[in-house]
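Quick check, what structure comes out for this input:
(one chain, ligands or ions: 1)
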Amino acid sequence: MPSRQNPILRPKPFNNNRTRALFLILTVSSSLLIFFALIYFIYHLWSSLLNRCSRTIPFFDVAADASSSSSPSSKLQLFSYKELKLATNDFDEANVIGKGGSGTVFRGITRDGKLFAVKRLDSLSLQSEAEFQNELQILGGLKSSFLVTLLGYCFDEKDHHHHRFLVYEYMPNKSLQELLFNEDGGGSCLSWERRFSIVLDVAKALEFMHFGCDPPVIHGDIKPSNVLLDCEFRAKISDFGLSRVKVEEEGGYGVGVDLFSQELSESTPQTGVGTPTHHHEVVDFSLALQASSSSKNSRTSRNIKAMNLAMEEGEGRGKEVEENEEMNVSPNSVLDLGKQWGRDWWWKQEGSGELCSKDYVREWIGSQIHNNTEENPDWDNDEKKITISTTPELGVSTRTVDKAESGLNESRFDTLQEKFAEEETHKKSKKHRNMEEWWKEEEHNNKNKIRVLRVKFKNRLRVPHFRYCFHGKGENTVEDRGEGGEAAAGEFSFRRGWRRKSSSSSNNKNKKKNKSIGSEMWSGDLFSRELSSTTSMRGTLCYIAPEYGGGGCCYLMEKGDIYSFGVLILVIISGRRPLHVLASPMKLEKANLVSWCRQLAQSGNVLELVDERLKDLYNKEEAGLCINLALACLQKAPELRPDISEVVRILRGEMEISAAAFEFSPSPPAKIYGSRSKRRS
Ligand SMILES: Nc1ncnc2c1ncn2[C@@H]1O[C@H](COP(=O)(O)OP(=O)(O)OP(=O)(O)O)[C@@H](O)[C@H]1O
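Sure thing, here's the model as predicted:
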């Protein structure tokens, strides 16, 4: 009998397979789901972590276990862009309270009516990033009544715009720069008492930084615009963009490590302060130690930031700039200023006969013409270009100069073109003339140097910080030139290079400002103004200590701050810029404040330096003391300069200026004021 298959059992294998397949599908899909969910979770976690990291500033507790005067716990507030926008009325021009090399400063107001200052860093470059980080990590970790308080910061990275903001306490009396040099005669409101107390405040601020902090902090850019004044005219130091911390290594002599350089250096982990970086560094310890031989702790510090940035440009070279390399100052470059201006330019002014202030200015003008054209991307937009070549001090370079925009005087441009063509011919026959020679020839060919320069600059060889607003004699004003003129308006800073002004002509206030600036544009004072406010990675021209200007040393030391402080004292006392060159006939010896002061000291007449606006309303003894103290701070050899605690004691009348301090001064003072009993506290 044929066996009959159970119809129910027949499909069983099929069912089994189906179940198995179903099971398989379910397992695979659920594991895929879990897998993707896991990936998504990890990705989310990772991105939020990244986001958090970018918003977390590794605060640097400068004085973690130091004196009570510093607060390691100071927390910076993270502001939102919206908040700042609201507080500054959408960064309205009317709220602009200052402009510096690194950005624009706005006045902000909170909902509860509190004022603060917001610095918007204008561009996102390596240097501005470095300065931003420096400010956060160094100033953010310090708390002192002698330093401007950093309240917070803001990142805004929407729509491919990268904005960085720093929020500070508001200083109603702005900066010393404005008080001393404002055209409305602001300097006259600075009484002697105020000037002296500002000197003392700055000294105390430096004392806090050099001796009250552990590790010590070197400011690196002491100058009037970085001394801000509160409602009672008490001075506070600001702008730590170029500052450094000194870090002591376990092994003995210290190596200063710049915080930001650690972050920049890819191979160097962010291990925090005190971790030495050995990545592509060439450290000249002998130079460093020599320069800091008088330092209390025998610590050395160096400007690694400058070195690292130079690496970026120089493909890992261990030194900042190679000798005889072509000079080419880019907004972010850290090429040596000493090389730019010629080696030892500052000291050559000291009556050595090699260079005087005039030569220096000439050299400066030459370098402006040389540098501006290559580095200004704005210039690329123009249609007509000519190529000129010069043989500056350290190399031959070819550059392109834009023809003036429409509306500018054609014939003047032709004159300029001819001159450059002439120069080109000269270049072929004489390849290795230096910048100075080139300018001497320029001068020889043109009886009126200022007029020639005027033609050049008007044809877009731009003048630092000055908008193009000529008046009278049918010259173009910013207004006349409309948009073209607007576009031509710019300013120069070594931190940023040339910058266009965005909304100046639309603002009547600014137009007024333009006029006033333009009216004195060719007074010669423009050189003075620019020279004393042009910042590099090393500090500001005329305030930089000679050891940083000469080309060899790249270590930032306390004694560098002392030198700058010496210049600052003279500027405060005299109400003059450190290099005051006027087109109108003026005794040249007065042009260089430091040289002039030395000459006066030699003839025993230092009080002639005191600001005429003070008339006789000043304390002669204090003025003499300040000037002689400044001379001591301005000694060429860093080890001969007093340290800041000595400076404070001298100002308080607790100590006398050491006569030996003048031993190697080029112009030792004949008469030293200084013995005073308990002067100020
Ligand atoms: N906290 C503040 N309160 C009031 N005004 C300020 C404040 N900070 C800066 N300013 C004003 O803004 C101006 C520019 O300051 P900023 O620090 O940007 O530039 P700077 O020091 O002049 O130049 P650089 O950055 O090239 O050294 C100052 O001169 C000052 O008048």
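
Could you check how far Val245 is from Ala623?
Distance, Val245 to Ala623, using CB to CB, to the nearest Å: 35 Å. To be clear about C-beta, it is placed using only N, CA and C from the backbone, and glycine gets the same treatment.

ditto for Ile34
81 Å.

These two - which one has more neighbours?
Neighbour count, other CB atoms under 10 Å: between Ile34 and Ala623, Ala623 has more, with 22 against 10.

wait, what's in contact with the more buried one?
Applying CB atoms under 8 Å, 6 or more residues apart in numbering, one finds that Ala623 lies in contact with 192, 573, 606-607, 610.

Can you classify it by secondary structure?
Following DSSP: H, G, I helix; E, B strand; the rest coil, we place Ala623 in the helix state.

Secondary structure of Phe155: a strand, I assume?
Yes. Note on Phe155: a strand contains this position according to three-state DSSP.

Which strand residues bridge it?
Under the criterion DSSP bridges, Phe155 forms beta bridges with Arg164.

State the number of residues packed around it.
The number of residues packed near Phe155 is 17, by other CB under 10 Å.

go on, Ala591?
For Ala591, the neighbour count with other CB under 10 Å is 25.

Repeat that for Cys231.
A total of 9 residues lie near Cys231 under the criterion other CB under 10 Å.

Now the helix or strand hosting Glu547: average pLDDT?
Secondary structure assignment for Glu547, by DSSP states H and E: helix 546-549. For helix 546-549, the per-residue pLDDT values average out at 75.

quick one, domains of the protein?
When the chain is parsed into structural domains using the TED database, the resulting residue ranges are 75-170, 171-247+536-658.

Would you point out the helix or strand in this structure whose mean pLDDT is lowest?
The helix or strand of the chain with the lowest confidence, counting by mean pLDDT, DSSP states H and E, is helix 285-291 at a mean of 26.

Residues of this structure that sit close to the ligand?
Residues of the chain lying close to the ligand (CB under 6 Å from any ligand atom) are 97-103, 105, 117, 119, 148, 168, 170-171, 174-175, 177-178, 221, 225-226, 228, 238-239, 493, 495, 535.

Please flag which of those residues sit within strands.
Using DSSP state E, 97-99, 103, 105, 117, 119, 168, 228, 493, 535 are the members of the residues of the chain next to the ligand that sit in strands.

Adding neighbour count and pLDDT as columns, could you present these in a markdown table?
What follows is those, written out as a markdown table (neighbours: other CB atoms under 10 Å; pLDDT from 0 to 100):
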| residue | neighbour count | pLDDT |
| --- | --- | --- |
| Ile97 | 19 | 92 |
| Gly98 | 18 | 89 |
| Lys99 | 16 | 87 |
| Gly103 | 24 | 86 |
| Val105 | 23 | 94 |
| Ala117 | 24 | 96 |
| Lys119 | 26 | 93 |
| Tyr168 | 22 | 96 |
| Leu228 | 27 | 97 |
| Ser493 | 21 | 33 |
| Thr535 | 25 | 55 |
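
and which of the residues you listed is nearest to the ligand?
Gly98 (1.9 Å; CB to the nearest ligand atom).

residues touching that closest one, list them.
If you count contacts by CB under 8 Å, 6+ apart, then Gly98 has 104-105, 174-175, 178, 225 around it.

Of those residues, which pair is most distant in space?
Among the contacts of Gly98, the pair separated by the greatest distance (CB to CB) is Thr104 and Glu178, at 15.0 Å.

Okay, Arg577 and Leu32: tell me how far apart.
72 Å.

Could you check which of the two is surrounded by more residues?
Relative neighbour count places Arg577 above the other of Arg577 and Leu32, with 24 against 10, counting by other CB under 10 Å.

Quick check: the more buried one vs the ligand, distance?
According to CB to the nearest ligand atom, to the nearest Å, Arg577 and the ligand sit 13 Å apart.

Wasn't that residue part of a helix?
No. Using three-state DSSP, the secondary structure at Arg577 is coil, not a helix.

wait, isn't it in contact with Ala591?
No. Contact status for Arg577 versus Ala591: not in contact, 9.7 Å apart, counting by CB atoms under 8 Å.

Now Trp596: closest residue in space, sequence neighbours ignored.
Residue nearest to Trp596 in three dimensions, not counting chain neighbours: Lys590, with 5.0 Å by CB to CB, 6 or more residues apart in numbering.
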